[in-house]
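1. using only what follows, build the 3D model:
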Amino acid sequence: MKYTISEISEIIHAKQIGSENSDIQHLIIDSRNISSSQNALFFAIRGDRNDGHQFIEELYNKGVKNFVVEQIPENHSKYKSANFLVVSNVLEALQNLASHHRKQFTYPVIGITGSNGKTIVKEWIYQILHSKVNIVRSPKSFNSQVGVPLSVWLMNSTFNIAVFEAGISLPGEMEKLEKVIQPSIGLITNIGESHQKNFVDYKHKAKEKLKLFKNSDLIIYCKDHEIIDQLISEDHDLSKKQKFTWSEKSESTIQLISKSKKVDHTLLVLTYKSKQYELSIPLTDNASVEDAIHVIACLCALGYEITDFKSQIESLLPVAMRMELKKGLNECTIINDSYNSDLNSLNIALNYLSQQNQHSKKIVILSDILQSGKSDKALYSEVAGLIKKYNVDQIIGIGTAILSQSDVFDIQKSFYSNTNEFLTEFSKKTFSDSAILLKGSRNFSFEKISAILEEKIHLTVLEIDLNALVHNLNYFKSKLNQNTKIMVMVKALSYGIGTHEIASILQYQRVDYLGVAFTDEGVALREAGIKLPIIVMNPEQNSFNLMIEHNLEPEIYSFSVLRNFLKALENIGIPEYPIHIKLDTGMHRLGFMSHEIDLLIEELLKSKNIFVASIFSHLAASDEGYHDSFTLEQIALFKEQSNKITSKLQYPVIRHVLNSAGIERFPECQFEMVRLGIGLYGISSLNQNQLETVSSLKSTVIQIKKVQKDKTIGYSRNATALNDTTIAIVPVGYADGLNRKLGNGNGKLFINGYTVPIVGNICMDMCMADITGCVIHEGDVVEVFGKEISVKKIAEILETIPYEIFAGIPSRVKRVYYQE
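-> Residues are numbered from 1 along each chain as shown. Have a look, this model is predicted:
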């Protein structure tokens, strides 16, 4: 469905400047992620740190001609073919446009909210119904103030039903989302701890979430969530609405009679319409079982009988809501996003593929896109446009529909009727030094392709949550003044987490500088396509030429380093090269001392080959309150010395002294830039609950055995079974970074919901855990550290710091990066 720019101007009550009357199909909020510049409308949303108005010129040069703004660019006359729609609040305008669009359709709209499970329930509803009806749904987890209107914009007349999720983090947000979604059917999953910060208590948060159902005809919920049930019963308007409930404890529309967990499934016995049903669902954890029952209730509320979908509910597939990045064969990188396949998620995945600049060749393996509501010709012409836009070099299409439209692709291409046909013809020599995106609908079994493309790996892996990393970055950004720059430390493999994988995300997030320890780290980032300014903190004289060749900027901490670097510049003949001056204000490591400042100024003023890009110092104990007076002395000395230097220079210089702890504890001392290190990776000295876990060391149970009483376990017979004991053997040892001091009961592992002690000595490649009395099976995932066992707790046991634990994970433990 298209709107003209004039129609949109009227809908959002804008003042239109410009006469072009374009048709609009695509809404854009991020200049980095444009599916099509034609027929596109950019909403210049203002955020805490970013302002969409700053990217108007960039977008105009990319072909975007229509903008919703709060103020006209000062030099707007140069945008001769542009339309500007001027409003008082761009975000409200986006929501108002989506609200108007929603009103054009009368088919059922399901609005899902709750603390957890929203995306799972939505995807399972789609999984079961998409072969019966044409469903439009929120892409990924698009449930925010911006994500919801973008989701609703996807509605068109080819669909029969819509399913949208809504999430909030502040009171007052749900009223806005209700006006956009206008759900005819409401479903609330549960109320828990998530996003509790800005609410008085769970009841307050539940009351806010229930505002989504203000104008709904029907509400679906579990009566066993007492807060939800009480609020609905007591609310004057909600209590009068039709309700579809389920419960284990009280009378409800669907009565759950029993719930029996088995090894690999859960048996449900329930009654509905006076009939009893038995359902075996392939899930065992409580959260997934609850989500599945919500889906059953929703389908019944839509008018389906349980017998209509029994086979599908009994073969539910886990929702892999994350895009994974892994090392592949022949120096390839594999991006596995076979969670679903539609145009919106394809655009997101292609955007991520485009960031993998460590490879010159980009390849997409794509299945048929199901249930798009478009003709095959129109659909794959649009896909071909996206492929071209993101400069993909090769496409491999799998499925009869994409095969029939192979002529619309004008790059290197090959097509197969099904996955097995591709696998039959596949050779491991087919790909090398390429970034490969796997994007397929579930029934194409792309996990078979992933299995042959991925480098065979040790069962122990370090998982890196890129969403959590971006969350932590944004948390620290929220502490900064509008114009304060941010430098992120990626030295020592980004604290053991990765190299270009982390730097690429940071570049995409528009940080200002990266910091590495040595020149070779910076060179590796340059070779991987990282273009951000990079500071080398420990420059070595024999690497100066290499540093200059790759445009790396040295830390200058002594006169010998300064003079030797100047000689290197003079030999090559490069003027005005950026350097960064390190001052020693009390750390007594590297840096110029106070008595050296006058001579330093003389040296700097003499040379025309350099300019001082920044001056900085290193705080010795900013994370420890009892050293605050010393920290403040350091900051005061830094201010005095840096002012002395900058007063003699004839140009502006960036100053930075705050590290992660300093950003939180001394925000008034930001100067022009801050340095973010361990905080990015989820460690805080002040507000740990505000950060998310980025890295998790995981393994797998490979064997379970019984050990009789009085028998010994492991090397040196250090552990003796005091009773008949069950142990799990896990292939993670001290060669994987599991410190031997954690053996013999000092450390613990988290397996299938149980925290269990490590028994006996830790071996080089494995360890043993006491799982007596626990329901644990071979093949279960083991967490060594992560969300359940914090790395800070392990550091306390070992009397060390989290840095050492992160940096101690060796390269044989493969890194797996994932992003929702």
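
2. where does the stretch 251-400 of the chain dip in pLDDT?
-> Counting by pLDDT under 70, the stretch 251-400 of the chain contains low-confidence residues at 320-321, 339-340, 371-373.

3. centroid-nearest residue for the chain?
-> Averaging the C-alpha coordinates of the chain gives a centre point, and the residue nearest to it by CA atoms, centre = their mean is residue 467 (1.8 Å).

4. doesn't residue 693 make contact with that one?
-> No: when contacts are counted by CB atoms under 8 Å, residue 467 is not listed as touching residue 693 (10.9 Å). Every C-beta, even on glycine, is put in place using the N, C-alpha and C of the backbone.

5. mind listing what the residue nearest to the centre of the chain touches?
-> With CB atoms under 8 Å, 6 or more residues apart in numbering as the criterion, the residues that contact residue 467 are 692, 819-820.

6. look at it and give its secondary structure.
-> Classification of residue 467 by DSSP: H, G, I helix; E, B strand; the rest coil places it in helix.

7. and it, how far from residue 819?
-> Plainly put, residue 467 is 6 Å away from residue 819 if you go by CB to CB, to the nearest Å.

8. strands along the stretch 601-750 of the chain, start to end?
-> 610-617, 654-656, 673-676, 695-700, 703-707, 712-713, 719-720, 725-730, 748-751 (DSSP state E, counting those that start in this stretch).

9. same check on the stretch 351-500 of the chain?
-> Secondary structure of the stretch 351-500 of the chain (DSSP E, counting those that start in this stretch): strands at 361-367, 394-398, 412-416, 434-439, 461-465, 485-489.

10. could you check the angle the third one makes with strand 361-367?
-> Per axes from the mean of the first three to the mean of the last three CA atoms, to 10 degrees, the angle that strand 412-416 makes with strand 361-367 is 20 degrees.

11. what residues does strand 412-416 touch?
-> When contacts are taken as CB under 8 Å, 6+ apart, the neighbours of strand 412-416 outside the stretch itself are 393-398, 402-403, 406, 422, 425.

12. and of the residues you listed, the nearest to residue 179?
-> When those are ranked by distance to residue 179 (CB to CB), residue 402 comes first, at 38.4 Å.

13. can you get me a residue count around the closest one?
-> For residue 402, the tally of surrounding residues (other CB atoms under 10 Å) stands at 24.

14. and residue 334, which of the three is it?
-> Under three-state DSSP, the three-state class of residue 334 is strand.

15. please name the bridge partners of residue 535.
-> Beta-bridge partners for residue 535, by DSSP bridges, are residue 515, residue 553.

16. is it true that it touches residue 512?
-> No: under the criterion of CB under 8 Å, residue 535 makes no contact with residue 512, lying 10.7 Å away.

17. show me where pLDDT drops low in the stretch 401-550 of the chain?
-> Low-confidence regions of the stretch 401-550 of the chain, defined by pLDDT under 70, span residues 456-457.

18. point out the least confident one among the contacts of residue 467.
-> For the contacts of residue 467, the weakest pLDDT value sits at residue 820, with 73.

19. let me know whether that one touches residue 322 as I believe.
-> Yes: assessed by CB under 8 Å, residue 820 is found in contact with residue 322 at 5.3 Å.

20. comparing these two, which residue is more hemmed in?
-> A direct count of neighbours by other CB under 10 Å for residue 820 and residue 322 places residue 322 higher, at 19 against 14.

21. ok, the more buried one to residue 338 distance?
-> Using CB to CB, which is the criterion applied here, residue 322 is 11 Å from residue 338.

22. specify the beta-bridge partners of the closest residue to residue 118 other than its chain neighbours.
-> Nearest residue to residue 118 in three dimensions, chain neighbours excluded: residue 165, at 4.1 Å (CB to CB, 6 or more residues apart in numbering). On DSSP bridges, the residues paired with residue 165 through beta bridges are residue 112.

23. could you give the angle of the helix ranked longest in the chain to strand 610-617?
-> When the chain is scanned for its longest helix (criterion: DSSP state H), the result is helix 628-646. Helix 628-646 and strand 610-617 meet at an angle of 170 degrees, taking the same axes, to 10 degrees as the criterion.

24. quick one: mean pLDDT over helix 628-646.
-> Computed over helix 628-646, the mean pLDDT rounds to 97.

25. what do you get for stretch 792-810?
-> Regarding stretch 792-810, the rounded mean pLDDT is 93.

26. of the strands of the stretch 601-750 of the chain, which is nearest residue 770?
-> Where those are weighed against each other on CB to CB, the nearest is strand 725-730, at 6.0 Å.

27. how far does stretch 42-49 stretch from start to finish?
-> In terms of CA to CA, to the nearest Å, the two terminal residues of stretch 42-49 are separated by 18 Å.

28. from the chain's centroid, how far away is it?
-> Chain-centre distance of stretch 42-49: 20 Å, with CA atoms, centre = their mean, to the nearest Å.

29. please apply the same query to stretch 579-587.
-> Offset of stretch 579-587 from its chain centre (CA atoms, centre = their mean): 35 Å.

30. again, but for stretch 810-820
-> Stretch 810-820 has its average C-alpha position 14 Å from the chain's average C-alpha position, going by CA atoms, centre = their mean.

31. also stretch 801-818?
-> Centroid separation between stretch 801-818 and its chain, computed with CA atoms, centre = their mean, is 19 Å.

32. let's see it as PDB, backbone CA atoms only.
-> Presented in PDB, the C-alpha positions along stretch 801-818 are these (Å, rounded to 0.1, in the frame of the first residue of the first chain):
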ATOM      1  CA  ILE A 801      40.200  -9.700  38.500                       C
ATOM      2  CA  PRO A 802      37.700 -10.400  35.600                       C
ATOM      3  CA  TYR A 803      40.300  -9.100  33.100                       C
ATOM      4  CA  GLU A 804      42.600 -12.000  33.800                       C
ATOM      5  CA  ILE A 805      39.800 -14.600  33.300                       C
ATOM      6  CA  PHE A 806      38.600 -13.100  30.000                       C
ATOM      7  CA  ALA A 807      42.100 -12.800  28.700                       C
ATOM      8  CA  GLY A 808      42.900 -16.400  29.700                       C
ATOM      9  CA  ILE A 809      40.500 -18.000  27.300                       C
ATOM     10  CA  PRO A 810      42.800 -19.500  24.700                       C
ATOM     11  CA  SER A 811      42.300 -19.500  20.900                       C
ATOM     12  CA  ARG A 812      41.400 -23.200  20.800                       C
ATOM     13  CA  VAL A 813      38.100 -22.200  22.400                       C
ATOM     14  CA  LYS A 814      36.200 -21.000  19.400                       C
ATOM     15  CA  ARG A 815      34.200 -17.700  19.700                       C
ATOM     16  CA  VAL A 816      30.600 -17.800  18.500                       C
ATOM     17  CA  TYR A 817      29.000 -14.400  18.100                       C
ATOM     18  CA  TYR A 818      25.300 -14.000  18.100                       C
END
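
33. what residues sit buried inside that stretch?
-> Within stretch 801-818, the residues that qualify as buried by neighbour count (16 or more other CB atoms under 10 Å) are 801-803, 805-807, 809, 813-818.

34. and if you look at stretch 22-41?
-> 22, 24, 26-29, 31, 34-37, 39-41.

35. sorry, back to before: any chance of the strands of the stretch 601-750 of the chain in TSV, plus mean pLDDT?
-> TSV is the format used below for the strands of the stretch 601-750 of the chain (pLDDT from 0 to 100):
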stretch	mean pLDDT
strand 610-617	97
strand 654-656	98
strand 673-676	97
strand 695-700	95
strand 703-707	96
strand 712-713	95
strand 719-720	94
strand 725-730	97
strand 748-751	97
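
36. so for residue 160, which of those strands sits nearest?
-> Proximity to residue 160, assessed across these by CB to CB, is greatest for strand 695-700 (40.2 Å).

37. the inter-axis angle of that closest one versus strand 461-465?
-> Computed by the same axes, to 10 degrees, the angle between strand 695-700 and strand 461-465 is 140 degrees.

38. nice, that's everything, thank you.
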